[in-house]
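Engineer: Structure for this input, please:
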Amino acid sequence: MIDFEGHERHCEILALVKMMQYAGQIASGLDTPQAVFLIKEAQDALVSVLKTERAALSNAHLGGLVSDTHGHC
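Structural biologist: Sure, this is the predicted structure:
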């Protein structure tokens with residue numbers, strides 16, 4: 001049985017992680033190191049949630065999902 005609500009939650013978290021990557025790139029381009037640091041911390045917290053809730057995902061697989069630029073899920 002598929003947990004659609006859980007799947008949707010994980011897709012939304014993954015979308016936020018990707019948005020944080022973009023925000024970090026923008027902040028870096030604006031030369032705002034404190035913003036870059038805080039954005040990275042927020043991104044790491046979201047990835048930690050995914051790792052906890054989706055323990056079956058390897059770090060390599062999760063990294064692939066985060067770095068994939070197509071779609072959000």
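Engineer: in which helix or strand would I find residue 35?
Structural biologist: Element membership of residue 35, judged by DSSP states H and E, is helix 33-53.
Engineer: What helices and strands are in contact with that helix?
Structural biologist: Here helix 33-53 touches helix 4-29, helix 59-67, going by 3 or more C-beta pairs under 8 Å, 6 or more residues apart in numbering; DSSP states H and E. Where C-beta positions appear, they are placed from N, C-alpha and C, glycine not excepted.
Engineer: For residue 45, which of those is the nearest?
Structural biologist: helix 4-29 (9.5 Å; C-beta to C-beta).
Engineer: so that closest one versus helix 33-53, what angle?
Structural biologist: 160 degrees (axes from the mean of the first three to the mean of the last three C-alpha atoms, to 10 degrees).
Engineer: Report the rounded mean pLDDT for helix 4-29.
Structural biologist: For helix 4-29, mean pLDDT is 90.
Engineer: How about that helix, which residues are buried there?
Structural biologist: Across helix 4-29, burial judged by 16 or more other C-beta atoms under 10 Å covers 10, 13, 14, 16, 17, 18, 20, 21, 23, 24, 27.
Engineer: one step back: export the helices and strands packed on helix 33-53 to JSON lines and tack on distance to residue 52?
Structural biologist: As requested, these are exported to JSON lines (distance: least, C-beta to C-beta, whole Å):
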{"stretch": "helix 4-29", "distance to residue 52": "11"}
{"stretch": "helix 59-67", "distance to residue 52": "11"}
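Engineer: Can you pull up the most central residue in the protein?
Structural biologist: residue 17 (2.3 Å; C-alpha atoms, centre = their mean).
Engineer: Name the nearest residue to it, sequence neighbours excluded.
Structural biologist: residue 46 (4.9 Å; C-beta to C-beta, 6 or more residues apart in numbering).
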